[in-house]
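*Asks:* take a look and give me a structure for this.
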Amino acid sequence: MNAGLATAVTRRNLLAALRGRGVLLVLLAIGGAAGALLTRFVPSCLTRWAFVGYLVLTIADLLVRPGFLRPRAPGEAVPCGPRPIPAALGAPIGAVAAFLGVGGSVMTVPMLRRAGHSMHAATALANPLALVIAVPAALVSLPAGPVAGAHLIGFIDPIAAACLLAGAIPVIVALRRRPPRIPDHLYARSYLGLLILVTITMLAAA
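*Replies:* Below you'll find the predicted structure:
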């Protein structure tokens, strides 16, 4: 729902970058459904540590490889504007995002950034991509059958979902009315900082 609301308030000229990407969107949805289905057969502790491991690898990648925090070398610059995400990566991105629960944006924002998009454009475009993954993944997870916790609906925790929405909706609405003027390099560092914060939180809760 957060991704849907954020997509709805995104400027149309930014979303125009996804026109003609139907194959990518379909494969993202298929991957999202497959990843959510796979979680039924894997112990939750394994998924949790795989989540943390993926975040650690992503943080290391953003720090070490140029193109996210640091500009590319002159010979590696994006030649003719931002490049699209290859459609063939749709299914793997959707499957990993839904299986680990990292959210599609954790995978697509670095890819879009390195493809030549600004952080503002990369984060905006990541929302509809995450939405395409999340909808089929949620549909697979809702009728998952009885699991621990009487308040759960399948694998969905409606109380946690409501809290996430309560925190996100005011921020999305406020930023839509008054978009912040954040320098691109600071935006990238803030994104990295959030990933580090999530990783620390997960380790503390383990």
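*Asks:* where's the residue nearest the centre of the chain, which helix or strand?
*Replies:* By C-alpha atoms, centre = their mean, the chain has its centre lying nearest to residue 105, at 1.8 Å. In the assignment (DSSP states H and E), residue 105 maps to helix 104-114.
*Asks:* who are the neighbours of that helix, in terms of helices and strands?
*Replies:* Contacting helix 104-114 under the criterion 3 or more C-beta pairs under 8 Å, 6 or more residues apart in numbering; DSSP states H and E are the following elements: helix 44-64, helix 90-100, helix 119-141, helix 184-205. All C-beta spots, glycine's among them, are computed from the backbone N, C-alpha and C.
*Asks:* show me what it is in contact with.
*Replies:* With C-beta atoms under 8 Å, 6 or more residues apart in numbering as the contact definition, helix 104-114 has outside contacts at 3, 28, 32, 54-55, 58, 61-62, 65, 67-68, 82, 85, 89, 93-94, 96-97, 119, 121-123, 125-127, 129-130, 132-134, 188, 191, 195.
*Asks:* ok, stretch 28-48 next?
*Replies:* Contacts of stretch 28-48 (C-beta under 8 Å, 6+ apart): 90-101, 104, 129, 132-141, 144, 155, 202, 206.
*Asks:* the same query, at a cut-off of 7 Å, please.
*Replies:* Stretch 28-48 is contacted from outside by 90-100, 129, 132-134, 136-137, 140-141, 144, 155, 206, using C-beta atoms under 7 Å, 6 or more residues apart in numbering.
*Asks:* same check, this time on stretch 7-15
*Replies:* By C-beta under 7 Å, 6+ apart, stretch 7-15 touches 121, 124-125, 127-128, 131, 172, 176.
*Asks:* quick one: distance of stretch 93-109 to the chain centre.
*Replies:* 5 Å (C-alpha atoms, centre = their mean, to the nearest Å).
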